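Chemist: Next come a sequence and a model predicted from it.
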Amino acid sequence: MSLSDTQKTTVSTWIAEGKSLADVQRMLLEEFSVSMTYMDVRFLVDDLDIVFEEPEPEIEPEVSIEEPEVVDTKPAGVTVDVDAIPRPGALVNGSVIFSDGVSLGWQLSAEGQLGLIPGDDPDYRPDPSDVQEFQAQLQELLRQKGY
């Protein structure tokens, strides 16, 4: 769609006033009932040899952000959960996270034997108090689930 010379002059004025391409697109529709895509408006501005520069976004002053304190993210105590689907050969199984942050799998066999499944470090041994906490939580968790 072509614009009249008067309309082209008006577009040049709008750009000189600092209007954005989106503003020009909207104003063309409102004032002249001319519907143009954003890209068409961009080509129009180029065809009119109007030097158009998008306004620089305002740069917000830098706010100094204090580095947060490094907090020990180890879990407090022992956390036990039960898997929904038992492993082959296990009556029930799940995972445990000990107070030092190490996570291991566990399983209870049909014969009632409880075992920990070694993780990345096969020589890892949890703290004896963590083992007692694990067994107590596991017993309560299994009781709640009807085992």
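Modeler: Perfect, I can see it now.
Chemist: for the host helix or strand of M39, packing partners?
Modeler: Using DSSP states H and E, M39 maps to helix 38-47. When contacts are defined as 3 or more C-beta pairs under 8 Å, 6 or more residues apart in numbering; DSSP states H and E, helix 38-47 sits against helix 5-16, helix 21-32. Glycine gets a C-beta too; all of them are placed from N, C-alpha and C.
Chemist: Those: which one's closest to P86?
Modeler: The minimum distance between P86 and the helices and strands packed on helix 38-47 falls on helix 21-32, with 60.2 Å, by C-beta to C-beta.
Chemist: thinking again about what came up before, the helices and strands packed on helix 38-47 into TSV, with extra columns for mean neighbour count and distance to V102?
Modeler: Listed next are the helices and strands packed on helix 38-47 as TSV, based on neighbours: other C-beta atoms under 10 Å; distance: least, C-beta to C-beta, whole Å:
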stretch	mean neighbour count	distance to V102
helix 5-16	14	65
helix 21-32	15	56
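Chemist: May I see those helices organised as a markdown table, with mean pLDDT and distance to V131 added?
Modeler: As requested, these are exported to a markdown table (pLDDT from 0 to 100; distance: least, C-beta to C-beta, whole Å):
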| stretch | mean pLDDT | distance to V131 |
| --- | --- | --- |
| helix 5-16 | 88 | 76 |
| helix 21-32 | 90 | 66 |
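Chemist: out of these, nearest to A110?
Modeler: Closest to A110 of the helices and strands packed on helix 38-47 is helix 21-32 (C-beta to C-beta; 70.0 Å).
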